[in-house]
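Q: predicted model and sequence below, questions to follow.
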Amino acid sequence: MQKSYWQKQRPQWEAAQLNEDQETDIAIVGGGLTGLLCAWLLKDSGRHVTVVEKRRFLENNSVRNTGKVSALHGAFYHTLPSELAQSVFEINRRAVDQYEQLIQAADIQCGWQRTSAVLAAQSEEGTAILKQEKAALNAIGAQLANPPAWDLPFKQQDEVVLAQQALLDPWLFQKGLLEALQDKVTLYEESPIIEIQDHCLISDGSYVLRFQDLILTTQFPAFDRLQLYAARFHYQREAVAAFRCDPALNGLLLNTVDPNEALSLRFAQKENEPALLLAGPAIGIHHYPKDPYAQLLQTAKMLNVHQPLACWTAQDLIPRHHLPFIGQIQDHFWVAAGYSKWGYTWAMAAAEMISTQLQDAAYVIPDYLRARRKGDLFSLYTLGNAGTLTEAFFKDRFSVSPDGEPLRTGSIVRLRGRRYGVVIPEQGLQFMVDLTCPHMGCPLHYNPADQTWDCPCHGSRFTLDGRSLYSPSNVSLQHYPGINSLHPNLK
Ligand SMILES: Cc1cc2nc3c(=O)[nH]c(=O)nc-3n(C[C@H](O)[C@H](O)[C@H](O)COP(=O)(O)OP(=O)(O)OC[C@H]3O[C@@H](n4cnc5c(N)ncnc54)[C@H](O)[C@@H]3O)c2cc1C
Ligand code: FES
């Protein structure tokens, strides 16, 4: 998988593996943004906290985003009833301040910069949406500001501005958080949890971590417990790229709201080199384009930025109404998921709500965020989701590479009723992987741009050699060394 701009040329963080049975008071599964924030808020609770991460730390989705910490990411508030919009706005606005407090308390050097967040529209449809958003924000008493004096690389018809939002460097932020946590909580990496039984987490190395309370922060809830999350969320994937740019864009934090063309832009500075990060529009996971970066690079040309410094993809979970699921799904078991590309402020809010409830059973999480809410299950959203999933489950189930075509990386062959993917590296041993998704059996696709095997159903992704990257799948693909190990006549 391509490294993000934030990850490039930066060293790995080192943590231990869970390689013996252990006990803890609070186990957090998932060492991304939410998991680490929960650990931060619980580190002084007087209880022992352990974070278990499937991959390496600083490899998660949260070091692949655009690092905007803001209560204004898109035209969203006008879609909610006014009272709800007010509550959501207050939670997210407060979370921005909580980041500043955390960064100061832990002395994290992560390029934290307060700036104005701008929503802009380029089309008439976008302008109409912006008008409604402005009205909704005014109705809930949000203090809108004057437009900053950026020399934007495109003409916009209208804009909405919220002052005192922020930018940070996601990699430096998480690294700083890990450093601040390392003496206070136990951190395990490369330790995928594949099962939960009673009060025990079981890792793929068959080690057991006993816990009293569990917080699941695996982005897609990796253990469903009959909350039927596969029907309640869909993953949305986006291409992101960083380009050299003019330093005059310093502080830029902007989202456009034009339907089907929504873009996210921000200024960044790494090793004193000014860069513009550009993300969007969404490319989905069901009908994946051959070149996910083509449209973005075209847009970059129009904005007069060239020379990409890095191109990568990231994905996030979109629930109905774009409201996350936060809270308890069983006794001693909490979950937080579904941030709709609005991860910083929602992750902070989720970490605060869960850590408070864990220490004070009387604390109530707002009903509209409850992880066990059922209304969503009987909705057009769920029906639409089920239709797309059914199509993805059956489509390409029988598709294989054409007969007689020489095998190469990404070729798909069918043997004894199962599909296998071929990998022929430039150096090292050839091998094959089983292309039936371990989550619910959908047929995996080869993604040549990112060099991954991707599931079109719920968005699990795997490295070429089958290691699990994105949940909901917890386990890796079956791996067969040598392309003739399954059939003697494969060429
Ligand atoms: C293109 C794009 C741009 C974005 N930009 C922004 C932005 O500018 N601002 C913003 O607020 N939000 C943004 N977001 C959203 C944000 O990135 C996400 O909402 C956020 O990263 C989700 O955090 P998380 O903690 O839920 O997941 P993650 O950070 O992905 O963490 C989940 C962790 O759980 C681990 N895990 C999974 N399964 C297991 C298992 N079985 N055992 C152990 N560990 C496991 C994973 O390896 C991973 O490390 C963006 C999203 C996208 C797609
Ligand atoms: S079948 Fe659900 S992610 Fe693959």
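A: Good, I have the coordinates. Ligands and ions are numbered 1, 2, ... in the order given.
Q: buried residues in stretch 472-486?
A: Residues of stretch 472-486 classed as buried: 472-477, 480, 483 (neighbour count, 16 or more other C-beta atoms under 10 Å). Placement of C-beta: from N, CA and C, glycine included.
Q: contacts for it, please.
A: 54, 192-194, 204, 218, 220-224, 229-230, 407, 415, 420, 422, 424, 429-435, 437-439, 444, 453, 455, 458-460, 462, 465-468, 490 (C-beta atoms under 8 Å, 6 or more residues apart in numbering).
Q: where do the helices sit along the stretch 1-150 of the chain?
A: Per DSSP state H, counting those that start in this stretch, the stretch 1-150 of the chain carries helices over the ranges 33-42, 82-105, 124-139.
Q: residues near R266, how many?
A: The local packing of R266 (other C-beta atoms under 10 Å) involves 23 other residues.
Q: on the three-state scheme, it is what?
A: strand (DSSP: H, G, I helix; E, B strand; the rest coil).
Q: just give me how far the one helix or strand in the chain whose mean pLDDT sits lowest sits from the chain centre.
A: Lowest by mean pLDDT, DSSP states H and E among the helices and strands of the chain is helix 380-394, with a mean of 73. Offset of helix 380-394 from its chain centre (C-alpha atoms, centre = their mean, to the nearest Å): 21 Å.
Q: okay, now the unreliable bits of this protein?
A: 287-288, 377-378, 380-381, 491 (pLDDT under 70).
Q: so is the least confident helix or strand of the chain next to ligand 2?
A: No: applying C-beta under 6 Å from any ligand atom, one finds helix 380-394 separated from ligand 2 by no less than 7.5 Å.
Q: now do the contacts for the residue in the stretch 251-400 of the chain that ligand 1 sits nearest to.
A: Proximity of the stretch 251-400 of the chain to ligand 1 (C-beta to the nearest ligand atom) peaks at G343, 2.3 Å away. By C-beta under 8 Å, 6+ apart, G343 lies in contact with 33-34, 62, 65, 316.
Q: now with 7 Å, please.
A: Going by C-beta atoms under 7 Å, 6 or more residues apart in numbering, G343 touches 33, 62, 65, 316.
Q: go through those residues and flag which are in strands.
A: Mapping these onto strands (DSSP state E) picks out D316.
Q: in JSON lines: the contacts of G343, plus distance to ligand 1 and neighbour count.
A: Output for the contacts of G343, formatted as JSON lines (distance: C-beta to the nearest ligand atom, whole Å; neighbours: other C-beta atoms under 10 Å):
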{"residue": "L33", "distance to ligand 1": "4", "neighbour count": "28"}
{"residue": "S62", "distance to ligand 1": "3", "neighbour count": "26"}
{"residue": "N65", "distance to ligand 1": "3", "neighbour count": "24"}
{"residue": "D316", "distance to ligand 1": "4", "neighbour count": "24"}
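Q: from the contacts of G343, which two are the most distant?
A: L33 and D316 (11.1 Å; C-beta to C-beta).
Q: please list the residues of the protein that sit near ligand 1.
A: 29-35, 52-55, 60-62, 65-68, 192-193, 217-219, 222, 238, 240, 279, 314-316, 339, 341-344, 347, 471, 474.
Q: now the buried members of the contacts of stretch 472-486.
A: Neighbour counting by 16+ other C-beta under 10 Å classes 54, 192-194, 204, 218, 220-223, 229-230, 407, 420, 422, 424, 430-435, 437-439, 444, 453, 455, 458-460, 462, 466-468, 490 among the contacts of stretch 472-486 as buried.
Q: which ones among those residues also lie next to ligand 2?
A: Near ligand 2, by the rule C-beta under 6 Å from any ligand atom, you find 437, 439, 455, 458-460 out of the buried ones among the contacts of stretch 472-486.
Q: give me the domain ranges for this structure.
A: As assigned by automatic domain parsing, the chain contains the domains 22-62+171-231+322-376, 412-481.
Q: quick one: contacts for R414?
A: So R414 contacts V400 (C-beta under 7 Å, 6+ apart).
Q: let's have the chain start at 28 instead
A: Understood, numbering begins at 28; the last thing we discussed is R441.
Q: wait, is it part of a helix?
A: No: applying three-state DSSP, one finds R441 to be strand, outside a helix.
Q: what number of residues lie near M28?
A: Other residues near M28 number 18, with proximity taken as other C-beta under 10 Å.
Q: and it, how far from I310?
A: 15 Å (C-beta to C-beta, to the nearest Å).
Q: got it, and L491?
A: Noted for L491: a distance of 20 Å to I310, by C-beta to C-beta.
Q: what's the answer for E265, then?
A: To I310, E265 is 6 Å away according to C-beta to C-beta.
Q: of these two, who's got more company?
A: Using other C-beta under 10 Å, the more surrounded residue of E265 and I310 is E265, with 24 against 18.
Q: enumerate the beta-bridge partners assigned to that one.
A: Counting by DSSP bridges, E265 is bridged to A309, A341.
Q: quick one, what contacts it?
A: 306-307, 309-310, 340-341.
Q: let's see that with 8 Å instead.
A: With C-beta under 8 Å, 6+ apart, E265 has these contacts: 306-310, 340-342, 368.
Q: what's the answer for A327, then?
A: 268, 270, 305, 333, 335.
Q: and the residues you listed, which is closest to ligand 2?
A: Among those, and counting by C-beta to the nearest ligand atom, the member closest to ligand 2 is A268, at 26.1 Å.
Q: can you get me a residue count around G232?
A: Neighbour tally, G232, other C-beta under 10 Å: 13.
Q: now swap in K422 and tell me
A: By the criterion of other C-beta under 10 Å, K422 has 15 neighbours.
Q: now it: closest residue in space, sequence neighbours ignored.
A: P483 (7.6 Å; C-beta to C-beta, 6 or more residues apart in numbering).
Q: what's the neighbour count on the one you found?
A: Counted with other C-beta under 10 Å, P483 comes out at 23.
Q: just to revisit the earlier point, including distance to K35, could the ones next to ligand 2 among the buried ones among the contacts of stretch 499-513 go into a markdown table?
A: Formatted as a markdown table, these follow (distance: C-beta to C-beta, whole Å):
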| residue | distance to K35 |
| --- | --- |
| C464 | 29 |
| H466 | 30 |
| C482 | 26 |
| H485 | 29 |
| G486 | 24 |
| S487 | 25 |
